[in-house]
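Colleague: A predicted structure for the sequence below; I have some questions about it.
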Amino acid sequence: MQCVRKPRRTEQEDEQLREATQRQTRTNLARIGFIEDEDVKAMLRGSYLQKIKSSSWMKSRFYKLQEDVRTVWYDSQKILKSARSQIFSIDDIQEVRPGHQSEGMQRYAMEIPTDRCFTVIFKGRKKNLDLVASDAKEALHWIDGLNKLKKRDSTMNKQERLDQWFQIHLQKADMNKDNKMTLNEVKRFMQMMNIHVDDMYAKELFTKCDKSKDGTLSGKEIEEFYKLVTEREEITTIFNTYSNKDHLMSMEKLSEFLRKEQRENATQEYAAKLIKSYEINVEARDDLFMTKDGFLFLLMSPEADIFNPEHNKVYQDMTKPLNQYYISSSHNTYLTKDQMEGPSSVEAYISALNRGCRCVELDCWDGKNGEPVIYHGYTLTSKILFKDVIQIINDYAFKVSQFPLILSLENHCSVEQQNIMAQHLKTILGNKLLTRTVDGKVPTHFPSPEQLKGKILLKGKRLNRLEDDQSGSLDEVSDEDEAAEMEGDEEEMEKEKEKKVKLSKELSDMVIYCRSVHFNGFEDATANQVFYEMSSFVENKFNKLVQDTGTPFIQLNARQLSRIYPAGLRTDSSNYSPIDMWNVGCQIVALNFQTPGEEMDIYQAKFRENGFAGYNLKPRFLREKKPTFDPKNLQKGPWVDRKKLHVMIISAQQLPKSNMAKPSSAVDPLVTVEVFGVKEDNGQKETEHINNNGFNPMWNTSFQFDVSVPELAIVRFLLQDYDISSRNDFIGQFSLPFTSMQLGYRHIHLLSQSGDQLPSASLFVHIMIE
């Protein structure tokens with residue numbers, strides 16, 4: 001078979017292509033307001049930056065911002081590399097840290113001047129990118145330039161994202177950069193947009209827009225093509241119901257739509273405010289009318305999100321005792337992967353704290369040179385210094401939430417190194433560390449999250465009770481940690497309980513409101529424990545204790561705190577569902593934050609409301625002094641508020657491809673709606689899949705769910721790529737409390753597996769509750 005070579009371009013053609021690329025770059029810069037920005041210009045020229053992986057791996061690589069002003073390309077030297085492995089997007093960036101502010105930089109680059117160093121922190125599980133510029137000026141161009149583009153990206157509304165996304169894909173499909181689209185380029189464009197179309201449909205669409213009949217689309221023809229492709233029929237149908245013959249929606253009709261469809265108590269003044277905020281046609285806006293484009297902007301805005309925007313801020317009463325709140329809590333916080341060989345990292349603490357976590361775990365062991373270390377004991381997981389973790393906690397503890405942070409200490413250290421731990425806690429945390437009760441007196445009840453704002457509490461062993469004489473010589477406590485609660489032989493567990501370890505008085509005195517004690521049964525806890533004493537339960541033990549009834553556990557949690565953690569057999573750092581623990585009022589339900597999945601989706605949904613403060617007020621029936629609620633045996637009571645949830649899955653928009661290794665394939669999306677809560681409320685319904693359309697699939701499928709205890713229910717919307725021969729692939733999801741849902745026509749902005757927002761992907765639904 002004879003090989004046909006593609007003819008090489010002439011010098012003139014190369015020059016024309018360069019000029020066309022420069023024009024596209026200027027267009028993209030102008031669209032986002034960076035046409036004269038020196039930092040962005042420097043990134044567009046590109047730089048040789050030194051990439052650092054270890055003390056012996058420091059190599060120069062060329063990095064360049066692409067003409068789309070959205071992606072950075074770099075010269076990877078990997079043998080097996082793909083085009084995608086050589087780029088990262090502005091959307092992928094979590095933050096840009098100047099200087100030596102990453103583990104890699106502190107470990108391998110401290111000899112390099114700090115003003116030449118910077119680190120790109122990515123979302124999800126992608127490794128940090130530690131880079132060194134040739135001089136401080138070049139480093140500053142990249143730090144400031146990336147931050148500017150990231151800030152601009154975060155302020156874009158849904159329509160701006162759609163326009164930008166559309167334009168970038170058009171440019172990529174225009175292979176010869178002549179600002180015209182041939183039929184083949186239209187097909188390529190549709191493929192990029194996650195739509196698989198047959199030749200006949202592509203030709204029909206092309207012919208309809210090719211008014212000049214010259215075999216290409218340009219100018220106004222491309223605009224017409226854009227309108228045809230992005231047309232939202234479902235939005236047009238809704239708009240036409242409330243608009244006049246001139247295709248305009250009046251202020252009065254908009255307020256009627258808000259009251260009738262969205263079930264909002266909307267006045268005409270509020271409708272006028274929305275028109276002024278979202279209408280893009282100046283003439284219509286001045287006359288207080290809304291066009292279809294303005295109506296679409298409104299439906300894609302935070303006001304029309306399925307999640308109640310009022311719950312994006314702290315709206316709950318934060319003055320109740322600490323044990324009346326669910327507390328966002330992490331297990332083995334130091335791990336980034338599995339619990340046998342996975343790396344430990346201070347970055348894992350930063351990630352958890354940035355996600356609103358208010359209780360982190362520190363598994364402490366004796367280290368070299370007198371410095372305690374943190375790692376998963378008796379395993380091959382790597383070690384990090386205790387003092388480095390405390391420094392990171394000091395830096396990040398209150399960046400996302402001002403409410404108290406609890407440090408759950410698993411203490412395996414000698415007294416000497418416990419004293420070092422106490423010293424680090426005092427010197428690094430300073431006044432943030434709570435070392436006495438809030439009023440200096442022996443407490444009779446928990447303080448509130450509001451009273452403890454900006455404070456860091458220790459959870460751990462204490463030599464004596466707060467009310468006991470401090471002058472005693474006792475220096476031993478039972479050796480009780482997670483290992484003592486692992487499932488296994490009961491006799492062995494009793495032996496573990498009887499073992500004693502020495503405890504530093506200096507460290508002991510720092511434990512105020514969270515004293516760890518062994519659990520000897522519900523009756524013993526009621527008779528012999530004080531309110532600030534708390535027990536930890538491995539998930540299996542918890543399940544046994546609530547097998548028949550949950551009421552005793554609810555009564556325990558109405559007086560004290562309790563902590564639940566994953567079984568030791570979960571060596572892959574998998575998670576349990578937190579629902580059953582929350583249903584009986586457990587406050588500190590610790591999950592492996594490093595492991596994405598359904599369980600973490602549910603977990604983050606719970607704490608999404610109340611502004612990701614990490615503290616959610618429990619329902620009143622779980623806070624009563626003598627609670628009678630039992631999720632295992634529902635009886636009539638104030639907790640029963642039977643609702644019918646009606647969900648109509650209408651359409652989805654701009655879904656990402658589930659398999660980026662197959663750029664020519666399109667997804668076959670399907671939607672699953674799930675309800676999690678008390679046992680009788682749990683349910684799951686699923687749509688049919690739509691073949692080869694990830695851009696604008698439409699279902700118009702309705703489901704109904706019966707919900708008995710809405711205050712405990714979580715609703716999850718999951719999109720998957722259907723596969724007939726194997727497991728469906730994840731596309732995106734969004735989960736939220738039942739009580740945070742808004743009614744009517746709502747957009748759901750989808751999240752990735754790691755919980756980050758997908759830039760443009762959304763689901764359009766109609767919600768009704770009876």
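Modeller: Done, it's in. Note that the coordinates shown come from a computational prediction; the quantities given were computed from them, not determined experimentally.
Colleague: buried ones in stretch 406-425?
Modeller: For stretch 406-425, a neighbour-count test (16 or more other C-beta atoms under 10 Å) marks 406-413, 417-422, 424-425 as buried. In short, each C-beta sits where N, CA and C put it, glycine included.
Colleague: phi, psi for G370 please.
Modeller: phi 70, psi 10 (degrees, to the nearest 10).
Colleague: residues touching it, list them.
Modeller: G370 makes contacts with E416, Q417, I420, as judged by C-beta atoms under 8 Å, 6 or more residues apart in numbering.
Colleague: let me have the residues you listed in CSV, adding distance to G440 and pLDDT as columns.
Modeller: What follows is the contacts of G370, written out as CSV (distance: C-beta to C-beta, whole Å; pLDDT from 0 to 100):
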residue, distance to G440, pLDDT
E416, 30, 96
Q417, 30, 97
I420, 27, 97
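Colleague: ok, so of the buried residues of stretch 406-425, who is nearest G294?
Modeller: I406 (47.2 Å; C-beta to C-beta).
Colleague: mind checking what secondary structure that closest one has?
Modeller: strand (DSSP: H, G, I helix; E, B strand; the rest coil).
Colleague: excluding chain neighbours, what is closest to it?
Modeller: With sequence-adjacent residues excluded and distances taken as C-beta to C-beta, 6 or more residues apart in numbering, I406 is closest to C359, at 4.1 Å.
Colleague: picking up where we left off before, can you tell me which of the contacts of G370 is nearest I112?
Modeller: The closest of the contacts of G370, once distances to I112 are taken by C-beta to C-beta, is I420, at 30.1 Å.
Colleague: buried residues in whichever helix in the chain runs longest, which are they?
Modeller: Ranked by residue count under DSSP state H, the longest helix found in the chain is helix 11-32. By neighbour count on 16+ other C-beta under 10 Å, the buried set for helix 11-32 is A20, Q24, T25, N28, L29, I32.
Colleague: one more: stretch 639-652?
Modeller: Here stretch 639-652 shows W639, K643, L645, V647, I649, I650, S651, A652 as buried, counting by 16+ other C-beta under 10 Å.
Colleague: before we move on, the earlier item: in a markdown table: the contacts of G370, plus secondary structure and distance to M768.
Modeller: As requested, these are exported to a markdown table (DSSP: H, G, I helix; E, B strand; the rest coil; distance: C-beta to C-beta, whole Å):
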| residue | secondary structure | distance to M768 |
| --- | --- | --- |
| E416 | helix | 64 |
| Q417 | helix | 60 |
| I420 | helix | 60 |
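Colleague: in the sheet, who's paired with the residue nearest to I406?
Modeller: S329, I406 (DSSP bridges).
Colleague: residues near it, how many?
Modeller: 26 (other C-beta atoms under 10 Å).
Colleague: mind giving me the packing neighbours of the helix or strand that contains G145?
Modeller: Assessed by DSSP states H and E, G145 sits inside helix 136-155. When contacts are defined as 3 or more C-beta pairs under 8 Å, 6 or more residues apart in numbering; DSSP states H and E, helix 136-155 sits against helix 38-45, strand 47-52, strand 93-98, strand 117-122.
Colleague: for M105, which of these is the nearest?
Modeller: Here strand 117-122 is closest among the helices and strands packed on helix 136-155 (C-beta to C-beta), at 5.7 Å.
Colleague: pairing partners for the closest one, with directions?
Modeller: Short version: by DSSP bridges, strand 117-122 pairs with strand 93-98 (antiparallel), strand 129-132 (antiparallel).
Colleague: so of those strands, which one's packed in deepest?
Modeller: Compared across the strands paired with strand 117-122, strand 129-132 shows the largest average neighbour count, a mean of 23 (mean count of other C-beta atoms under 10 Å).
Colleague: hmm, who's touching that strand?
Modeller: 49-53, 58, 63, 88, 102, 104-105, 108-109, 112, 116-120, 122, 139, 142.
Colleague: let's go with 6 Å and repeat that
Modeller: L49, Q50, I52, S102, G104, M105, I112, R116, C117, F118, T119, V120 (C-beta atoms under 6 Å, 6 or more residues apart in numbering).
Colleague: now Y74: how far from I87?
Modeller: 7 Å (C-beta to C-beta, to the nearest Å).
Colleague: give the contact list for M251.
Modeller: By C-beta under 6 Å, 6+ apart, the neighbours of M251 are Q268, A271, A272, L288.
Colleague: what do you get if the cut-off is 7 Å, keeping everything else the same?
Modeller: When contacts are counted by C-beta atoms under 7 Å, 6 or more residues apart in numbering, M251 is found next to Q268, A271, A272, I275, L288.
Colleague: so for the helix holding G145, mean pLDDT?
Modeller: Per-residue pLDDT over helix 136-155 has a mean of 93.
Colleague: then stretch 678-688?
Modeller: Rounded mean pLDDT across stretch 678-688 is 97.
Colleague: can you list the buried residues in it?
Modeller: V678, D681, G683, K685, T687.
Colleague: okay, and the beta partners of the nearest residue to the second one once chain neighbours are set aside?
Modeller: The spatial neighbour of D681 that comes closest, neighbours along the chain excluded (C-beta to C-beta, 6+ apart), is V707 at 5.0 Å. When bridges are assigned using DSSP bridges, the partners listed for V707 are K643.
Colleague: next up, the contacts around V707.
Modeller: By C-beta under 7 Å, 6+ apart, V707 lies in contact with K643, L645, V675, G677, D681, A713, F738.
Colleague: how far away is it from E686?
Modeller: 18 Å.
Colleague: one more: T21?
Modeller: Using C-beta to C-beta, T21 is found at 45 Å from E686.
Colleague: quick one: low-confidence parts of the stretch 451-600 of the chain?
Modeller: Counting by pLDDT under 70, the stretch 451-600 of the chain has low-confidence residues at 469-474, 479-499.
Colleague: which parts of it are strands?
Modeller: 456-460, 476-478, 500-502, 514-516, 533-538, 562-565, 588-591 (DSSP state E, counting those that start in this stretch).
Colleague: mind putting these into TSV with mean neighbour count?
Modeller: Listed next are those as TSV, based on neighbours: other C-beta atoms under 10 Å:
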stretch	mean neighbour count
strand 456-460	23
strand 476-478	16
strand 500-502	14
strand 514-516	23
strand 533-538	21
strand 562-565	24
strand 588-591	26
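Colleague: looking at the strands paired with strand 117-122, which is nearest to H247?
Modeller: Of the strands paired with strand 117-122, nearest to H247 by C-beta to C-beta is strand 93-98, at 40.7 Å.
Colleague: buried set for the next helix or strand after the closest one?
Modeller: Using DSSP H and E, the helix or strand that follows strand 93-98 in sequence is helix 103-108. By 16+ other C-beta under 10 Å, the buried positions in helix 103-108 come out as E103, G104, M105, Y108.
Colleague: just the element for L634, please.
Modeller: Assessed by DSSP H and E, L634 sits outside every helix and strand.
Colleague: likewise the one 5 residues further on?
Modeller: Taking DSSP H and E as the criterion, W639 maps to no regular element, lying outside all helices and strands.
Colleague: surely it meets F629?
Modeller: Yes - in this structure, W639 is within contact of F629 by C-beta atoms under 7 Å, at 5.3 Å.
Colleague: which residues are in contact with both of these two?
Modeller: By C-beta under 7 Å, 6+ apart, the residues touching both W639 and F629 are F621.
Colleague: how far off centre is the lengthiest strand in the chain?
Modeller: Identified as the longest strand of the chain according to DSSP state E is strand 757-769. Here strand 757-769 is found 16 Å from its chain centre; the criterion is C-alpha atoms, centre = their mean, to the nearest Å.
Colleague: same question, stretch 112-126
Modeller: For stretch 112-126, the distance to the chain centre is 21 Å (C-alpha atoms, centre = their mean).
Colleague: what's the first-to-last distance across it?
Modeller: 24 Å (C-alpha to C-alpha, to the nearest Å).
Colleague: may I see the buried residues of that stretch?
Modeller: Applying 16+ other C-beta under 10 Å to stretch 112-126 flags I112, R116, C117, F118, T119, V120, I121, F122, K123 as buried.
Colleague: and of the residues you listed, the nearest to S726?
Modeller: K123 (26.7 Å).
Colleague: could you measure from the closest one over to D91?
Modeller: Counting by C-beta to C-beta, the gap between K123 and D91 amounts to 8 Å.
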